[in-house]
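Peer 1: okay, predicted coordinates and the sequence, questions at the end:
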Amino acid sequence: MPEKACDNAFRISESPPQKSAFMRRFLAVLVILLGLLPCATLAQTVPLTNAPPVTSAQADQLLNVLNDSKKRQDFVTTLKNLSDAQKAVEKDKQNNSLLDSAWNSISKASHKTIIQLHSLTKTVTNFTDTGPWVNHVMHTPSVQGEILRISTRVAILIVGGLILSYGIHFLLNTPRKRLELRAQRYNRDNIQKDLQDFQETKSTVDQQAKETVNDENKDSLSANKAQDEAERMRRQGALTRLMITFRRFPYTMGRFGMDLLAIAMFPLVALLIQTFDPAPDVRTMRAIWSIAWFAAVGFGVWVALLRALFAPERPWLRLTTINDNTAIFLFKGFYRIGNVIAWGVTALIILNDCTLPESISLSLAKILALIVHIMIAIMILGSRSNVKWLFNRAADHNKRLAPVLHFIGRFWWIVAIIFDIALWVVWAAEVPGGYQLILRLTARTIAALILMRVVSILAFGGLERFFTRLNDRNISKETATRILRYYPAAQRVTSVVILLLTIFAVAVALGAPVYAVIGLHTLGGRLLSSMVTIIIALLIGVVIWEMSNVAIEHKVHQLEREGSGNYRARTARIRTLQPMLRILLLVILTVVIGLTVLSQLGVNIAPLLAGASIFGVALGFGSQKLVQDFISGIFLLMENALTVGDAVTLSGTYGVVEKLSLRTVHVRANDGSMNIFPFSSLGQIINYDRDFARAMISAEVSYGTDTDKAVQALFDITKGLREDPDFKNLIIDDFQLWGVDSINESSVTIKGTLPTTTGGRWPVQRQFYRRMKKCFEERGIDIPFPTRTIHVINQGNADVSHSDLVNSGRSDPKQAQAENKPEA
């Protein structure tokens with residue numbers, strides 16, 4: 001119709017042949033002149049050699065116009081009108097306001113939209129070729145035979161595929177039931193109870209948090225603490241649900257594999273048809289294989305995937321942790337959509353291969369797509385209440401975003417339906433690449449968000465589970481408290497990392513030029529690499545620092561739990577070494593991390609290293625003694641030579657170690673004086689508190705005493721001490737007899753040792769000598785003391801008076817005894 005209207009318009013404006021020829025020549029000259037106008041404008045800057053040459057015919061036409069006054073006047077009028085129109089357009093462009101420009105843009109857009117909608121309506125309802133096609137089919141036997149052949153093969157494919165599929169389904173019935181029974185038992189024994197317990201705990205925590213927030217008497221600190229606890233429980237719940245999905249995955253995949261075996265029968269039937277068909281042709285085989293792969297396999301895999309995700313009647317095989325009503329709603333909705341797509345496309349394939357015109361096929365395809373999008377819109381309307389409930393629950397846990405979440409929960413379905421219908425309109429209007437682009441970007445964005453949601457659940461859930469279960473681990477309370485200090489920082493860092501990864505994933509999904517910004521050999525890539533290196537270096541430093549402290553605390557806790565006899569000494573040694581090791585480790589970490597950060601920031605660290613080396617050498621020469629004391633102290637402490645509380649002899653001074661510093665040891669002597677020794681000055685160290693001790697027992701008896709009787713007395717004394725509750729825990733073994741050690745001038749020495757604990761040597765030794773004296777007195781064992789007998793022989797006038805003996809310290813003129821002072 002538009003073409004005919006244009007033809008009529010041209011016919012109405014026709015004139016006699018002479019006038020028509022004149023007008024054609026006039027228009028040709030006008031076009032030539034208009035083409036020459038820009039060239040004349042550019043003649044000042046462009047050489048004339050670049051202008052196209054004017055033919056002789058064109059020059060003659062121009063001369064004829066100029067020679068004729070009437071033609072010349074018409075030509076001048078035309079040029080003047082053209083110039084005025086161009087000036088008016090330019091003036092309108094300059095004088096247009098912002099409102100006028102916006103209105104013009106809206107008018108143009110609405111005009112284009114009306115045109116596209118008109119074109120869309122024509123393509124959707126274009127069934128004008130239906131009658132001719134039906135007439136052609138009715139009057140063409142060859143076409144009827146081809147349609148009958150295709151329909152027969154398609155019917156054989158569908159019936160045969162269904163029969164074989166149900167046969168495989170029947171054969172796999174027993175193993176499928178066993179698998180489902182095992183999955184149900186595993187779900188009941190290992191999953192359901194844990195999930196119920198967690199739900200009860202989570203409900204209690206949420207209720208407490210809600211009551212705390214609503215209670216005006218509670219302070220903000222208590223409310224924030226309750227909210228944090230509820231948030232931690234929700235994150236643990238998300239991780240628990242994800243772990244349930246992973247634990248159900250093997251059973252669900254087993255069922256999924258059995259479903260795929262049944263679906264594979266349709267391609268098998270298609271292969272058999274192609275093999276045994278007596279007269280196969282390209283169109284028939286194309287229809288058969290298209291239906292086998294798309295309608296049968298595609299729809300079968302879709303249903304199997306829906307059954308794995310939602311499993312409406314078998315929650316123990318359901319990968320998604322949703323309730324039964326939601327699972328049934330989603331399964332039925334997506335099943336119907338897949339069913340319509342599968343059989344609709346199957347019908348289109350058959351009709352297309354049955355010589356259906358392309359215009360009708362395109363219209364049917366657009367109607368089929370419209371039906372699918374309407375079904376999606378119906379699902380959106382049916383899920384309004386559930387999605388609104390989810391947003392309201394999220395708003396209850398986030399007061400800051402509560403208005404926004406409530407608004408989204410109330411009106412989200414409007415945007416979703418508009419997007420759904422607009423997507424169909426874009427495809428039906430045949431916008432080049434529009435539908436595929438939007439669908440691809442939407443699918444990739446959803447996949448990126450789902451992936452990041454899984455990563456977020458694993459990160460936050462693992463973080464919560466790690467910090468929550470610290471009390472169940474074999475660590476001390478101090479260590480748990482030390483680790484818990486990093487929970488807020490770890491939570492913030494994880495949130496920032498997840499946010500950045502989400503932005504990156506969505507940007508990649510939307511096709512943003514991410515690689516051009518942060519790729520290799522780019523400024524963004526170098527900045528990102530430097531930031532990641534600095535963060536990793538800091539994290540490694542913090543981990544090493546805390547692991548060293550936790551290891552020390554764990555060692556101390558282990559010693560206290562074992563409760564060994566010398567655990568206090570070992571604990572004291574560890575406590576003594578701890579500040580030295582911490583200072584040394586802090587210096588090393590500070591230097592290494594500082595140099596790493598400076599290197600990543602672009603600072604040349606070579607001069608710094610050289611300056612640090614020179615400074616280190618100068619410092620070493622200036623503080624040799626201090627460094628020597630420090631290093632000697634570290635080695636002495638690492639070798640367990642000294643510990644606070646040890647009884648030692650240092651440089652001839654006996655005392656008890658009271659304090660160990662970085663370079664000195666403080667010893668309290670028996671007289672109460674404090675002796676301070678630098679570590680480097682300790683030539684010999686005698687430590688009396690290592691592992692065990694021995695009480696040295698030495699008994700001297702007279703020559704007339706039976707040594708066996710004396711030895712038996714020593715064993716009896718040991719037995720009595722070991723039965724005494726005050727001393728039995730101090731003695732670790734029986735009396736160890738060395739035997740007769742020496743024969744003196746007036747006595748026989750018997751020696752032995754009594755093994756004791758390090759702290760029981762002196763009490764046991766004193767008590768042993770006390771009991772030995774009493775035992776020897778009771779048993780008549782003589783304990784001699786040094787005596788000397790003097791025989792005086794009178795020779796001549798030599799005589800010794802009694803007074804001389806007395807004055808010389810003798811009590812008997814014939815036999816004098818001299819008592820020697822015992823050694824200390």
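Peer 2: Perfect, thanks for sending it. Numbers count the residues shown, from 1 in each chain.
Peer 1: the protein - how does it break down into domains?
Peer 2: The chain breaks down into these structural domains: 15-92, 136-351, 446-512, 692-779, 788-824 (assignment by automatic domain parsing).
Peer 1: any regions of the stretch 151-300 of the chain where pLDDT drops low?
Peer 2: Flagging of the stretch 151-300 of the chain using pLDDT under 70 yields the residue ranges 192-237.
Peer 1: where does Gln144 land on pLDDT?
Peer 2: pLDDT, Gln144: 79.
Peer 1: tell me how many other residues surround the closest residue to it other than its chain neighbours.
Peer 2: Here the nearest residue to Gln144 in space, its sequence neighbours aside, is Val137; by CB to CB, 6 or more residues apart in numbering that works out to 6.4 Å. In short, each C-beta sits where N, CA and C put it, glycine included. Val137 is flanked by 16 other residues according to other CB atoms under 10 Å.
Peer 1: which element is Val137 on?
Peer 2: Here Val137, judged by DSSP states H and E, is contained in helix 130-138.
Peer 1: so which elements touch that helix?
Peer 2: In this structure, helix 130-138 packs against helix 141-171, with contacts taken as 3 or more CB pairs under 8 Å, 6 or more residues apart in numbering; DSSP states H and E.
Peer 1: helices and strands around the helix it packs on, which ones?
Peer 2: Packed against helix 141-171 by the contact rule (3+ CB pairs under 8 Å, 6+ apart) you find helix 130-138, helix 220-263, helix 265-276, helix 282-290, helix 324-353.
Peer 1: pull out the buried positions in it.
Peer 2: Judged by neighbour count using 16 or more other CB atoms under 10 Å, the buried positions of helix 141-171 are 146-147, 149-150, 153-154, 156-158, 160-161, 164-165, 168.
Peer 1: go on, stretch 496-510?
Peer 2: When neighbours are counted by 16+ other CB under 10 Å, the buried residues of stretch 496-510 are found to be 498, 501-502, 505, 509.
Peer 1: let's have the residues you listed in CSV, adding pLDDT and secondary structure.
Peer 2: Formatted as CSV, the entries for the buried residues of stretch 496-510 read as follows, by pLDDT from 0 to 100; DSSP: H, G, I helix; E, B strand; the rest coil:
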residue, pLDDT, secondary structure
Ile498, 88, helix
Leu501, 88, helix
Thr502, 89, helix
Ala505, 87, helix
Ala509, 85, helix
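Peer 1: okay, and the residue positioned nearest the centre of the chain sits in which element?
Peer 2: Per CA atoms, centre = their mean, the C-alpha nearest to the average position across the chain is that of Ala459, at 4.0 Å. Using DSSP H and E, Ala459 sits within helix 434-468.
Peer 1: I'd like the average pLDDT over the next helix or strand after that helix.
Peer 2: Using DSSP H and E, the next helix or strand after helix 434-468 towards the C-terminus is helix 477-484. The pLDDT scores in helix 477-484 average 75.
Peer 1: what angle separates helix 477-484 from helix 434-468?
Peer 2: 160 degrees (axes from the mean of the first three to the mean of the last three CA atoms, to 10 degrees).
Peer 1: residues of helix 477-484 that come out buried?
Peer 2: Judged by neighbour count using 16+ other CB under 10 Å, the buried positions of helix 477-484 are 479-480, 482-483.
Peer 1: repeat that for stretch 736-754.
Peer 2: The neighbour-count criterion (16+ other CB under 10 Å) identifies 747-748, 750-754 as the buried residues of stretch 736-754.
Peer 1: what residues does it touch?
Peer 2: Outside of stretch 736-754, the residues within contact range by CB atoms under 8 Å, 6 or more residues apart in numbering are 694-703, 705, 707, 710-711, 714-715, 718, 721, 731, 733, 735, 755, 764-765, 768, 784-787.
Peer 1: got a PyMOL select line for the buried ones in those residues?
Peer 2: A single PyMOL command is used to select the members of these judged buried by 16+ other CB under 10 Å:
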select buried, resi 694+695+697+699+700+701+705+710+711+714+718+721+731+735+755+764+765+768+784
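Peer 1: return the subset of the contacts of stretch 736-754 lying in helices.
Peer 2: Mapping those onto helices (DSSP state H) picks out 707, 710-711, 714-715, 718, 721, 764-765, 768.
Peer 1: adding pLDDT and distance to Arg582, write those residues out as a markdown table.
Peer 2: Formatted as a markdown table, the entries for those read as follows, by pLDDT from 0 to 100; distance: CB to CB, whole Å:
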| residue | pLDDT | distance to Arg582 |
| --- | --- | --- |
| Thr707 | 87 | 60 |
| Ala710 | 89 | 57 |
| Val711 | 89 | 55 |
| Leu714 | 90 | 51 |
| Phe715 | 91 | 52 |
| Thr718 | 90 | 47 |
| Leu721 | 89 | 45 |
| Val764 | 90 | 40 |
| Gln765 | 90 | 41 |
| Phe768 | 92 | 45 |
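Peer 1: mind listing what Glu358 touches?
Peer 2: Contact criterion CB under 8 Å, 6+ apart gives no residues in contact with Glu358.
Peer 1: quick one: which helix or strand includes Val497?
Peer 2: helix 487-509.
Peer 1: looking at the helices and strands packed on helix 141-171, which is nearest to Leu662?
Peer 2: Taking CB to CB as the criterion, Leu662 comes closest to helix 220-263 out of these, the separation being 41.4 Å.
Peer 1: return stretch 487-501 as CSV; C-alpha atoms alone will do.
Peer 2: What follows is stretch 487-501 as a C-alpha-only set of coordinates in CSV (Å, rounded to 0.1, in the frame of the first residue of the first chain):
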residue,chain,number,x,y,z
TYR,A,487,37.4,-11.9,65.0
PRO,A,488,36.1,-8.4,64.2
ALA,A,489,39.1,-7.6,62.0
ALA,A,490,38.8,-11.0,60.2
GLN,A,491,35.1,-10.4,59.7
ARG,A,492,35.7,-6.9,58.2
VAL,A,493,38.5,-8.1,56.0
THR,A,494,36.3,-11.0,54.8
SER,A,495,33.4,-8.7,54.0
VAL,A,496,35.7,-6.3,52.0
VAL,A,497,37.3,-9.2,50.1
ILE,A,498,33.9,-10.8,49.3
LEU,A,499,32.5,-7.4,48.2
LEU,A,500,35.5,-6.8,45.9
LEU,A,501,35.3,-10.3,44.5
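Peer 1: now that stretch, how far from the chain's geometric center?
Peer 2: Computed by CA atoms, centre = their mean, to the nearest Å, the separation of stretch 487-501 from the middle of its chain amounts to 10 Å.
Peer 1: contacts for that stretch next, please.
Peer 2: Among residues not part of stretch 487-501, those counted as contacts by CB under 8 Å, 6+ apart are 452, 455-456, 459-460, 463, 467.
Peer 1: filter the residues you listed down to the buried ones.
Peer 2: 452, 456, 459-460, 463, 467.
Peer 1: with pLDDT and distance to Ala416 added, can I get those in TSV?
Peer 2: Formatted as TSV, the entries for the buried ones among the contacts of stretch 487-501 read as follows, by pLDDT from 0 to 100; distance: CB to CB, whole Å:
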residue	pLDDT	distance to Ala416
Met452	89	21
Ser456	86	23
Ala459	85	29
Phe460	83	28
Leu463	81	33
Phe467	77	38
